[in-house]
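**Q** predicted coordinates and the sequence they were generated for:
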Amino acid sequence: GKTRSPIFAIMSEALSGIASIRANNAMEFYKGKFREAHDAHSRAFFAFLGSSRWVGFRMDSLMFLLLALASYLAVLFHEQGWFSIDPAVLGLALTMLLQLAGTFQWAVRQSAEVVNQMVSVERISDFCHLPSEAVLASD
């Protein structure tokens, strides 16, 4: 994402200027810069993973409640004689409900991944709106 870019920039700077860094004894400075950038990336990535797990757990909980409710109502309707429920159809309906839960969770994760991958579009948009540099003048 957007927090990974400074890590690559620092690595590129360090690799292209390794002779200057060693000559000026600036290794600790670059190590500190890298640690700060890596910590920022790790915080953002951990927040993304944590929120994904949270959403997944909540969706699993909702699907469990929906499945339990459907099973309970099917037994209640059968026992009370309100409806005649074929056990094969009930089993198929519960199986489809479980598959729907997996498909729904996959769709939510994919939409989160698309949002995460749209960072490149955001960067391009930011670069398009930068003020232009001064005109190159030659005397």
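**A** The structure has been received and is ready for your questions.

**Q** any figure for the gap between Leu106 and Ala40?
**A** Not Leu; residue 106 is Trp. Trp106 is 30 Å from Ala40, where distance means C-beta to C-beta, to the nearest Å. No exception for glycine: its C-beta is placed from N, CA and C like everyone else's.

**Q** same deal with Ser61?
**A** On the measure of C-beta to C-beta, Ser61 and Ala40 end up 32 Å apart.

**Q** neighbour count for those two, which is higher?
**A** Ala40 (15 against 10; other C-beta atoms under 10 Å).

**Q** what helices or strands is the one helix or strand that one maps to leaning on?
**A** Ala40 belongs to helix 27-80 when elements are defined using DSSP states H and E. Secondary-structure packing of helix 27-80 (3 or more C-beta pairs under 8 Å, 6 or more residues apart in numbering; DSSP states H and E): helix 5-16, helix 87-117.

**Q** any idea how far that helix is from the chain center?
**A** From the chain centre to the centre of helix 27-80 is a distance of 10 Å (C-alpha atoms, centre = their mean, to the nearest Å).

**Q** quick one: it to helix 5-16, angle?
**A** 150 degrees (axes from the mean of the first three to the mean of the last three C-alpha atoms, to 10 degrees).

**Q** for helix 27-80, the averaged confidence score.
**A** Averaged across helix 27-80, pLDDT comes to 88.

**Q** repeat that for stretch 97-113.
**A** 86.

**Q** ok, and what's touching it?
**A** 48, 52, 55-56, 59-60, 63, 66-67, 70 (C-beta atoms under 8 Å, 6 or more residues apart in numbering).

**Q** what's the farthest-apart pair in these?
**A** Phe48 and Ala70 (32.8 Å; C-beta to C-beta).

**Q** surely Ile21 and Met27 touch.
**A** Yes. Ile21 lies in contact with Met27 (C-beta atoms under 8 Å); the separation is 6.1 Å.
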